[in-house]
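In: A structural model of the following input is requested.
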Amino acid sequence: MPSDVTLPQGLLDPDSLPLYSRVAGRLLSAIAADHARPGDRLPSERSLAARYGVSRVTLRSALNELAERGVIESSPARGWFLAQGYERAVPRHPQSPDPRGGQAVQGFADYAAQHGFRLRDEVLESRVRAATVQESEQLRVGPGGALFEMRRLRFLDGLVVVLEHNRLPLGLCPRLAEADFTRDTLFATLRRADPPQLPKVADYSVEARHPTEEERGLLEITDATPVLVATQLAFNQDAQPLELTAAVFRGDRYHFRASITG
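Out: Take a look at the predicted model:
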């Protein structure tokens, strides 16, 4: 039966994070929701500990984590305050509606920021090469057209979550070839293209399988943990194929979620 599908999201299992990291994420989300300003004072540690139902020791660890991210700073005998420039670490890019009634495509970095996770990328390979025949068909570029290709490991709060293989038509965003993706994000680079390239909708599929030996090593799998392989073909605002990605997630750190309506 035909249906409209809200685009699924890959989620880090919150139970795999230390309690103080989960509290830090909740506090960061609250700061974003309150539209606070640099210099604003946070509630007392006692009241924050009561609000989140944790000990003062756990709450202090959460605050120290946010301080390391540059979100807050302490003042002796006065408490905790929002740091200058803290907005860089706070999510400001909520998902926009999809014209089909679902959600727009959300990047991994956007998800991390929205939920208060600390993101780190390790680029394994980055190059420009000619598209294969199959890639030419999928991305609607001429046979042998220039593609930007990248393989990278992505970490949330120090935990390796996914091995990504990204392929994009270089003509849509030439600056991809020069970007430093250990410091910048793919979607942010696309947004700065001329004209901006905005991922609006995607075809998305997921399958479970056993990891290869390379995947076991890169994803630090030492037991029988399976992997979930997500394949995504994202389209820009002009319905032009923009990004072909194969993402191999650790099965114990990824949740597949989708809303389906008839």
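
In: is the closest residue in space to residue 52 that isn't next to it in sequence in a helix, a strand, or coil?
Out: Nearest non-adjacent residue to residue 52, counting by CB to CB, 6 or more residues apart in numbering: residue 23, 5.1 Å away. In short, each C-beta sits where N, CA and C put it, glycine included. Under DSSP: H, G, I helix; E, B strand; the rest coil, the three-state class of residue 23 is helix.

In: and the strands in the stretch 151-262 of the chain?
Out: 159-169, 201-209, 227-235, 241-250, 255-261 (DSSP state E, counting those that start in this stretch).

In: quick check: which of the ones you listed is nearest to residue 18?
Out: Distance to residue 18, taken as CB to CB, is lowest for strand 159-169 among those, at 10.2 Å.

In: partner strands of the closest one and their direction?
Out: If you go by DSSP bridges, strand 159-169 pairs up with strand 146-156 (antiparallel), strand 241-250 (antiparallel).

In: the shortest one to strand 201-209, inter-axis angle?
Out: Angle between the axes of strand 241-250 and strand 201-209 is 30 degrees (criterion: axes from the mean of the first three to the mean of the last three CA atoms, to 10 degrees).

In: give me the contacts around strand 241-250.
Out: Residues outside strand 241-250 that contact it (CB atoms under 8 Å, 6 or more residues apart in numbering) are 10, 135, 138-140, 160-169, 172, 186, 190, 197, 199, 211, 215, 219, 221, 225, 227-236.

In: dump that strand to PDB, restricted to CA.
Out: Output of strand 241-250 as PDB, limited to C-alpha atoms (Å, rounded to 0.1, in the frame of the first residue of the first chain):
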ATOM      1  CA  PRO A 241      20.600  13.800  -6.500                       C
ATOM      2  CA  LEU A 242      23.100  15.400  -4.000                       C
ATOM      3  CA  GLU A 243      24.600  12.700  -1.800                       C
ATOM      4  CA  LEU A 244      24.900   8.900  -2.000                       C
ATOM      5  CA  THR A 245      26.000   7.500   1.400                       C
ATOM      6  CA  ALA A 246      26.500   4.000   2.800                       C
ATOM      7  CA  ALA A 247      26.700   4.100   6.600                       C
ATOM      8  CA  VAL A 248      27.700   1.100   8.600                       C
ATOM      9  CA  PHE A 249      26.500   1.500  12.200                       C
ATOM     10  CA  ARG A 250      27.400  -0.600  15.300                       C
END
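
In: check which residues of that strand are buried.
Out: 241, 242, 243, 244, 245, 247, 248, 249, 250 (16 or more other CB atoms under 10 Å).

In: return the member of the residues you listed nearest to residue 78.
Out: When those are compared for distance to residue 78 (CB to CB), residue 250 wins out at 42.4 Å.
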